[in-house]
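S.K.: Take this sequence and fold it.
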Amino acid sequence: MSEYDDQNIFAKIIRGELPSETVFEDEDTIVIMDIMPRGDGHCLVLPKAPARNVFDATPESLAAVSKTIQHVARACKAAFNADGITIQQFNESAGGQVVFHLHVHVIPRFEGIKMRPHTGEMEQGDVLKANAKKIRQALAEL
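M.R.: Got it, this is the predicted structure:
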């Protein structure tokens with residue numbers, strides 16, 4: 001397994017070197033909007049501690065990520081009046097991982113509506129801001 005690259009896009013976002021639409025942040029985790037969402041409200045939960053993926057994350061970091069996933073999933077379901085939530089996490093290239101900083105996708109889902117394909121097209125900033133605002137409002141009500 002390769003070493004952690006502290007120049008990956010998520011490490012830069014965590015350090016404040018690149019912009020993101022932040023939804024939630026605590027001591028151990030940060031939640032940002034996915035800029036290429038597969039559904040409205042698609043966000044990413046990241047540990048602040050460096051970890052390529054689940055294989056090298058500490059148990060404490062994984063526990064913090066899990067706690068944040070549950071909190072944000074509840075908010076996403078409420079914010080978008082979703083029927084369910086898809087939670088995805090990929091490890092290594094063969095497992096579908098593209099950015100090598102542990103991250104978990106939280107995607108609101110609706111009966112009869114498929115996830116959008118991953119086209120590589122970025123969402124408009126105003127749409128991401130509006131969706132983040134909905135999730136932040138739902139978090140405040142939990």
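S.K.: Residues in contact with stretch 87-94: which ones?
M.R.: 1, 53-55, 69, 73, 96-98, 102-107 (Cβ atoms under 8 Å, 6 or more residues apart in numbering). All C-beta spots, glycine's among them, are computed from the backbone N, C-alpha and C.
S.K.: mind redoing it with 10 Å?
M.R.: 1-2, 38, 42, 45, 52-56, 65-66, 69-70, 72-73, 95-100, 102-107, 115 (Cβ atoms under 10 Å, 6 or more residues apart in numbering).
S.K.: So which bits of that stretch are buried?
M.R.: 89, 90, 91 (16 or more other Cβ atoms under 10 Å).
S.K.: just stretch 44-57 next, same as before
M.R.: Result for stretch 44-57 [16+ other Cβ under 10 Å]: buried residues 44, 45, 46, 47, 48, 49, 50, 51, 52, 53, 54, 57.
S.K.: In helices only, show me those.
M.R.: Residues of the buried residues of stretch 44-57 located in helices (DSSP state H): none.
S.K.: Tell me the one of the residues you listed nearest residue 18?
M.R.: Set against residue 18, the nearest of the buried residues of stretch 44-57 by Cβ to Cβ is residue 46 (12.6 Å).
S.K.: pLDDT weak spots in the protein?
M.R.: Across the chain, the ranges flagged by pLDDT under 70 are 1.
S.K.: So which residues of it form strands?
M.R.: In the chain, the strands defined using DSSP state E lie at 22-25, 29-33, 43-47, 84-88, 104-109.
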